[in-house]
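Asker: only geometry, no sequence info:
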DNA sequence: CTGTTAGCGCCTTCAG
DNA sequence: CTGAAGGCGCTAACAG
């Protein structure tokens, strides 16, 4: 019983034990080739037995490619980003690729650094979940002809896979209009995101169809956080409160709930709220939140398609679904 | 204006242009060495100018190491896990390492596969945020002498970095006792986690010190999810409801809030609740949640220390802090 | 401080 | 189908 030095098992070890050359082993173990000869079978057995594991570094160095996809998100503690990354990870795995994630915060400079970090790891493509409409990063990636795709937002040019935010916004407010609300306010995301704009545009169309016109001051561009929901929720509820609010993000909706609670309003009775994204928390809140479900898995698959097959018309939108819950009902009046 | 093939810039390119050997360039660009000769300066400039980027695969292959840390979490959509990974990522970056994460779900088999995936990427150490007390995986890692550490939970043997769950549990219930509660219930995590046990043990000590004894049926081992909080919250509140509940996890606490809401109880007045972890959502809930803050950054740093310097006494516990908020107050009676 | 040499482990010609 | 040979890009040992 002696200490073993754990030198990893190499192709050579397998080759020697099988009495063949390393080339043969390499070929047998190459998934792209399907050999079922006797030798192949034996080699596979021995590899298994020895616990052979391909050295990614050597392999990638030789092949000159990595099948490594880098993902940049502002933060993982945002449930939307966590959902998005998990979906990308699943989709990548399905195709035999690997996804790695790094966080960038909200600063465009940090975003550049995040991409640098990924390139330092030799990823061969990048997925950005952070794109601002005025962001120069996608342009610079295009210029470097670095394979990339945007998810959840778009800059209008780079390959992008996102939910149909216009439709989602439409569904949300259409739902409120159908319930009979006429006094509706909207809190959406930052000016610089396509999602914030598109959701509002869809919302406006639903209002229009319902013959409802609302004051411009009733459409607020905020940020996608609970704080924003609390602050602007308070503001909206302070005087002449609406009977319903469309929050273009579940966090905002939760913030509004907090504001409403503190104003003594009962959600779903005194105030209807629709959120967006349908994060897992939404349906489990004290008053379950009506929300627009975004098909993250779909979006992830499409993003990987876009990476694999560059497309001349590279902006793909997946249809979201309204999930009605207890936070919305007919107006009290 | 002709198409350029984007062959990446190599060490050789830099060497040629600088009129030196590749070794020199390699050394100059090695962070571990600090040369400030004229040549070094010039080489650095040329590398910069050419946009040289070290090929990680070649470098790691040659060096035989990767400075790549693999992290396994059950899921990133759990805020606790997202916080933990972000902290690890920060700590790793500070040391010039890189952390990659993969998710395992709750199935121990998937956990093994997750580690396999990481090993396929040639990580040279692994951090597990999933360890069950009865888990065989840490033991098998020990046997393979694969560098690893557990975070947030421990199996009692492998190097572990976690919060002091006993103290945290003590602080939580001590707070309730100090407020005057005598009718207290506890909902904790799964049987198979050290955290669930230790938090209860600390809680018990606080009860004891307060001269309070509670029925065994008032201590419930559940899972760390909102669902569990809703289900067992309902159960507890159905008859002879406690005036306070210690939830060993914020998700459970949120679930209890939902149950309380539906039972017509007002949190903080009719029912006090203390959570655990202090996820960002906690302080932003309609009624802000008193919770035990876990020092994730601390835990991450320590985990990396443990990976770097194997320690004979490898279980380190960081002190948590109680964050009192509106969900707790004196009992109504 | 610098250059020469040798290979890390693997994959892919090219011959057989 | 198989083996021999060469090299991906980089770094460590060695000599100068």
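Answerer: Received it, and whenever you're ready, just let me know what you need. These numbers come from a predicted model, not from an experiment.

Asker: Please name the nearest non-neighbouring residue to residue A:172.
Answerer: The spatially closest residue to residue A:172, leaving aside those adjacent along the chain, is residue A:274, at 4.4 Å (CB to CB, 6 or more residues apart in numbering or on different chains). In short, each C-beta sits where N, CA and C put it, glycine included.

Asker: all helices for chain A, in order.
Answerer: With DSSP state H, the ranges of helices along chain A come out as A:11-18, A:22-28, A:38-50, A:56-63, A:79-94, A:108-120, A:137-143, A:165-179, A:194-209, A:226-238, A:250-262, A:296-308.

Asker: is the last one up against chain B anywhere?
Answerer: No: shown here: helix A:296-308 not in contact with chain B (CB under 8 Å from any CB of the partner chain), separated by at least 10.4 Å.

Asker: buried ones in that helix?
Answerer: Of the residues in helix A:296-308, A:296-307 count as buried by neighbour count, 16 or more other CB atoms under 10 Å in any protein chain shown.

Asker: Then the third one?
Answerer: For helix A:38-50, a neighbour-count test (16+ other CB under 10 Å) marks A:40, A:43-44, A:46-47 as buried.

Asker: Packing partners of that helix?
Answerer: Counting contacts by 3 or more CB pairs under 8 Å, 6 or more residues apart in numbering or on different chains; DSSP states H and E, helix A:38-50 is packed against helix A:11-18, helix A:22-28.

Asker: That helix close to DNA strand C?
Answerer: No: judged by CB under 7 Å from any atom of the strand, helix A:38-50 and DNA strand C are separated, with a smallest distance of 9.8 Å.

Asker: Does that helix reach DNA strand D?
Answerer: Yes: Helix A:38-50 comes into contact with DNA strand D (CB under 7 Å from any atom of the strand), by way of A:39-40.

Asker: how much does that helix deviate in direction from helix A:11-18?
Answerer: Interaxial angle of helix A:38-50 relative to helix A:11-18 (axes from the mean of the first three to the mean of the last three CA atoms, to 10 degrees): 120 degrees.

Asker: And the residue of the stretch 201-333 of chain A that's closest to DNA strand C?
Answerer: The nearest approach of the stretch 201-333 of chain A to DNA strand C comes at residue A:308, 17.7 Å away (CB to the nearest atom of the strand).

Asker: residues in contact with that residue?
Answerer: Shown in contact with residue A:308 (CB atoms under 8 Å, 6 or more residues apart in numbering or on different chains): no residues.

Asker: ok, the residue nearest to residue A:172 touching residue A:282?
Answerer: No: assessed by CB atoms under 8 Å, residue A:274 is found out of contact with residue A:282, at 10.3 Å.

Asker: coming back round to it: any chance of the buried residues of helix A:38-50 in JSON lines, plus pLDDT and distance to residue B:240?
Answerer: Shown next, in JSON lines, are those (pLDDT from 0 to 100; distance: CB to CB, whole Å):
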{"residue": "A:40", "pLDDT": "84", "distance to residue B:240": "69"}
{"residue": "A:43", "pLDDT": "88", "distance to residue B:240": "68"}
{"residue": "A:44", "pLDDT": "89", "distance to residue B:240": "63"}
{"residue": "A:46", "pLDDT": "89", "distance to residue B:240": "66"}
{"residue": "A:47", "pLDDT": "89", "distance to residue B:240": "63"}
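
Asker: between the residues you listed, which is nearest residue B:120?
Answerer: Lowest distance from residue B:120 to the buried residues of helix A:38-50 (CB to CB) belongs to residue A:47, with 13.6 Å.

Asker: how near is the closest one to residue A:54?
Answerer: Remark: distance between residue A:47 and residue A:54 (CB to CB, to the nearest Å) = 9 Å.

Asker: So which bits of the stretch 51-200 of chain A are right by DNA strand D?
Answerer: Proximity of the stretch 51-200 of chain A to DNA strand D (CB under 7 Å from any atom of the strand) is limited to residues A:58, A:61-62, A:64.

Asker: Near DNA strand C, which residues of the stretch 51-200 of chain A? Just list them.
Answerer: Selection of the stretch 51-200 of chain A residues close to DNA strand C by CB under 7 Å from any atom of the strand yields A:52, A:54-55, A:58-59, A:61-63.

Asker: could you redo the last one with a cut-off of 6 Å?
Answerer: A:54-55, A:58-59, A:61-63 (CB under 6 Å from any atom of the strand).

Asker: from the residues you listed, which would you call buried?
Answerer: A:54-55, A:58-59, A:61.

Asker: Can you tell me which of the residues you listed is closest to residue B:137?
Answerer: Residue B:137 lies nearest to residue A:54 out of those, by CB to CB, at 22.1 Å.

Asker: wait, the closest one sits on residue A:31?
Answerer: No: look at residue A:54 against residue A:31 with CB under 8 Å: they stay out of range, at 10.1 Å.

Asker: The residues of the stretch 51-200 of chain A next to DNA strand D also near chain B: which ones?
Answerer: Contacts with chain B within those, counted by CB under 8 Å from any CB: A:58, A:61.

Asker: Please name whichever of the residues of the stretch 51-200 of chain A next to DNA strand D scores lowest on pLDDT.
Answerer: Within those, pLDDT reaches its minimum at residue A:64, with 82.

Asker: For that one, grab the count of nearby residues.
Answerer: Counted with other CB atoms under 10 Å in any protein chain shown, residues neighbouring residue A:64 total 11.

Asker: What are the phi and psi values at it?
Answerer: phi 70, psi 30 (degrees, to the nearest 10).

Asker: how does chain A divide into domains?
Answerer: For chain A, the structural domains run A:11-54, A:68-162+A:297-318, A:165-294, going by automatic domain parsing.
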